[in-house]
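> quick one: sequence plus predicted model below, questions after.
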Amino acid sequence: MDLIESYREELQLIRRPWTKVWVSAIVLALFLLPFYAPEHLIYIGTIICITAIGVQGQNLLIGYTGQISFGQAGFLAIGAYTFGHLARFGMPWPVALLSAGLMAGLFGIIVGFPSLRLKGPYLAIATMGFGIAVYQIFANSEVLSGGRMGLSIEKLQPILGMAPLKFNYYFNFLIALLLTLASYNIVSSYMGRAFIAIRDNDIAAEVIGVNLTRYKLLSFAVSSFYTGVQGGLYALYLGYLEPNMFTFMESVTLFVAVIIGGLASIEGSIMGAAFVILVPNLLSSYKEMVPVVFGVAILVVLIFEPLGLAGRWFKTRLYLSNWPFR
Amino acid sequence: MERFIQYTISGLSTGSVYALVALGLALIYRSTRILNFAHGDVTTAGTFMAFALLGMNLPFAAAALLGLLFGAAVATGFYFSILVPAQRRDATQLGQIILTLGLGLIIQGLVTYFGGTEPHSFPFPLSEFKIYRVGPITMSQLGLGTLGISLLCCLLFYLLVQKTRIGLAMRATSENLPAAQTLGIPTRQVLAFSWGLAALLGVLAGLFLAPALILDPFFMLEPFLKGFAAAILGGLNSLPGAIVGGLILGVAESWAGGFISIAFKNTLAFLIIILVLLVRPEGLLGEEFKERV
């Protein structure tokens, strides 16, 4: 759309002045959400912020690096339980949250090793096997999962005299904002371009000097770090964990969010996260229909709009800016 | 020693069902390079159809047959109405796999909507509680019937693929699609037939599993994943491999459950998946996979 003249410009987060206005308006609107929205919406907004983190991580892996993973629930569980156990030992939350991400990242590297040899469908199965194995280990081990009563975690005390709901929204919103900025920077840095090169053709990428082993593993590590942080925030927000929160369906939901939001797009990840959280909330009286809506959305997106909501948004913008020509 | 034989036989019985599921998965993977994530859900749909028809006082044979046909029709319909248009729009291999995931979600939702989430018990002509004894070894009528009929179906399937004209066409199509088209094989019909046949095998497994487990919309999830493990173990693109993999997995699970611990039994399949993919991704009897970077 626009010509990029220098490397500096390529690295810029926002290139045009009007985009700056729009983005700051949206961020401001989200920031002020607790002042005008009803309580239910604030609650949903908080969950969307938390989910958006994991979806971005998943998108870095699937959309940018082209490595498929059906095992995100495993990383989610590892992050959540690491956070839960550390918090129960009296660790302060920033340390616990970071360790949750790092622990998940470590397991991400371990799961990443098969990705060096396996491709496409085989990798999908390997990661799916990992996700389910993690779930079953948690479900069968009382020491890890906190037994039949689940693991309860002390919630954060609000600061500045805010109501708990409002405080939680700001807390998660700011962390999500931070990680979103981080993922924009990852994508436009050397790392992100290495990921994209691997996705487009891994042999060619290696020929031009991308260290395939390092960047494939790094992609798994970063993606599962995000998912681990999501798990930690989830644990902190709900204050309660049980293994049934991390079944195969959870992996599928994260996957659906990436596909519907749009592959290789960070805005898309956020839209996808909003989609998978809003649909079950809107259809709360027709719970059975939620998977049907997800499934139909996948079929429609893959056949008619392969780039998902982000692709649609991009085309709409293009149409409006070129109007009345096409 | 008696326990060993006992576990082996009950393992073979479970394993033969896994083999049926794995055969369906391998059949589709071999001919279209698609992992069918909807296989379990198509199976559930067929079994629920049979259950609903039984509720309308149809004889068992008719209900089972209609259930099988329903499953096959769903799979064939999916192939023609979703997969073929997607392929015309150059959907990637990964995209097609995700399409099956979407179909699985849709079926799962619809089955839950029409069938309800409460568990049912599935009436079946063979009983789980009628027990035969040979010396110290016991075997339920259901287990014995499952083993016998599954192995019979595997044999029939083998004959179909190896000895008939349509089997020849199926092998040709999976070997080299453009060449098969050039030779005048109606590949689209052949592939649709493969999808239907795979669903048929799946629903058959579902019919045997429904009385042993409890029938609810998610009852096929675990057998489906185990079937996956079996197919991987035997080699995803090998049909004999699927049968061998299924039987090995069933026996290994039964031993693990009997000699180690019940909790380990369910995790075993997924550990097998990861191990096989790490050590020998092409599986026991598969070929393929010579690429290395």
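That came in fine, so what should we check first?
> quick check: mean pLDDT of stretch A:98-112?
Taken as a whole, stretch A:98-112 has an average pLDDT of 91.
> sorry, slip of the keys, the one I care about is stretch B:74-88.
For stretch B:74-88, the mean per-residue pLDDT is 90.
> what lies in contact with it?
A:299, A:302-303, B:32, B:34, B:38, B:42, B:45-46, B:95-96, B:99-100, B:103, B:107, B:188, B:191-193, B:195-196, B:198-199 (C-beta atoms under 8 Å, 6 or more residues apart in numbering or on different chains). C-beta coordinates here come from the backbone N, C-alpha and C atoms, glycine included.
> chain B contacts on the stretch 101-250 of chain A?
A:113-114, A:116-122, A:124-126, A:128-130, A:132-133, A:136-137, A:140, A:202-203, A:206, A:212, A:248 (C-beta under 8 Å from any C-beta of the partner chain).
> among the residues you listed, which are in strands?
Using DSSP state E, no member of these sits in strands.
> in PyMOL, how would I select the buried members of those residues?
This is how PyMOL selects the buried members of these, with burial counted by 16 or more other C-beta atoms under 10 Å in any protein chain shown:
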select buried, chain A and resi 114+117+118+119+120+121+122+124+125+126+128+129+130+132+133+136+137+140+202+206+212+248
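> mind checking which of the residues of the stretch 101-250 of chain A next to chain B land in helices?
A:113-114, A:120-122, A:124-126, A:128-130, A:132-133, A:136-137, A:140, A:202-203, A:206, A:212, A:248 (DSSP state H).
> pull out the buried positions in stretch B:255-262.
By 16+ other C-beta under 10 Å, the buried positions in stretch B:255-262 come out as B:255, B:256, B:257, B:258.
> out of the residues you listed, which comes closest to residue A:86?
Checking these against residue A:86 by C-beta to C-beta gives residue B:256 as the nearest, at 32.6 Å.
> show me the strands in chain B, by range?
Under DSSP E, chain B gives strands at B:131-134, B:137-140.
> looking at the ones you listed, which is closest to chain A?
strand B:137-140 (26.5 Å; C-beta to the nearest C-beta).
> ok, residue B:31 touching residue B:173?
Yes. Contact criterion C-beta atoms under 8 Å: residue B:31 and residue B:173 qualify, at 5.8 Å.
> overlap in contacts of those two?
B:190, B:191, B:194.
> in the stretch 1-150 of chain A, what spans have low per-residue confidence?
Low-confidence segments of the stretch 1-150 of chain A, defined by pLDDT under 70: A:1-2, A:147-148.
> and the helices in it, which stretches?
A:7-11, A:17-31, A:33-36, A:39-59, A:72-88, A:93-115, A:120-140, A:142-145 (DSSP state H, counting those that start in this stretch).
> which of those helices sits most buried?
helix A:72-88 (a mean of 27; mean count of other C-beta atoms under 10 Å in any protein chain shown).
> counting by contacts, list what that one packs against.
Packing partners of helix A:72-88 (3 or more C-beta pairs under 8 Å, 6 or more residues apart in numbering or on different chains; DSSP states H and E): helix A:39-59, helix A:93-115, helix A:120-140, strand A:151-152, helix A:212-238, strand A:240-241, helix A:248-261.
> just checking, what packs against the first one?
Applying 3+ C-beta pairs under 8 Å, 6+ apart, we find helix A:39-59 packed against helix A:33-36, helix A:72-88, helix A:164-188, helix A:212-238, helix A:248-261, helix A:266-282.
> which of those helices sits closest to residue B:141?
Of those, nearest to residue B:141 by C-beta to C-beta is helix A:248-261, at 33.1 Å.
> follow-up on the earlier one: which one of the helices and strands packed on helix A:39-59 lies nearest to residue B:18?
Nearest of those (C-beta to C-beta): helix A:248-261, 17.8 Å.
> coming back round to it: out of the helices and strands packed on helix A:39-59, the one nearest residue B:16 is which?
Among the helices and strands packed on helix A:39-59, helix A:248-261 sits nearest to residue B:16 (C-beta to C-beta), with 24.7 Å.
> re the thing from before, for the helices of the stretch 1-150 of chain A, which one sits closest to residue A:168?
Proximity to residue A:168 (C-beta to C-beta) singles out helix A:39-59 among those, at 5.5 Å.
> could you export the closest one as PDB, CA atoms only?
These are the backbone C-alpha positions of helix A:39-59, laid out as PDB (Å, rounded to 0.1, in the frame of the first residue of the first chain):
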ATOM      1  CA  GLU A  39     -20.200  -4.800  34.800                       C
ATOM      2  CA  HIS A  40     -20.800  -7.800  32.700                       C
ATOM      3  CA  LEU A  41     -19.000  -6.300  29.800                       C
ATOM      4  CA  ILE A  42     -16.000  -5.400  32.000                       C
ATOM      5  CA  TYR A  43     -15.800  -9.000  33.100                       C
ATOM      6  CA  ILE A  44     -15.900 -10.200  29.400                       C
ATOM      7  CA  GLY A  45     -13.300  -7.600  28.500                       C
ATOM      8  CA  THR A  46     -11.000  -8.900  31.100                       C
ATOM      9  CA  ILE A  47     -11.300 -12.500  29.800                       C
ATOM     10  CA  ILE A  48     -10.700 -11.300  26.300                       C
ATOM     11  CA  CYS A  49      -7.500  -9.500  27.300                       C
ATOM     12  CA  ILE A  50      -6.200 -12.700  28.900                       C
ATOM     13  CA  THR A  51      -7.200 -14.900  26.000                       C
ATOM     14  CA  ALA A  52      -5.800 -12.400  23.500                       C
ATOM     15  CA  ILE A  53      -2.300 -13.000  25.000                       C
ATOM     16  CA  GLY A  54      -2.500 -16.800  24.300                       C
ATOM     17  CA  VAL A  55      -4.000 -16.300  20.900                       C
ATOM     18  CA  GLN A  56      -1.100 -14.000  19.900                       C
ATOM     19  CA  GLY A  57       1.400 -16.600  21.000                       C
ATOM     20  CA  GLN A  58      -0.400 -19.300  19.100                       C
ATOM     21  CA  ASN A  59      -0.500 -17.000  16.000                       C
END
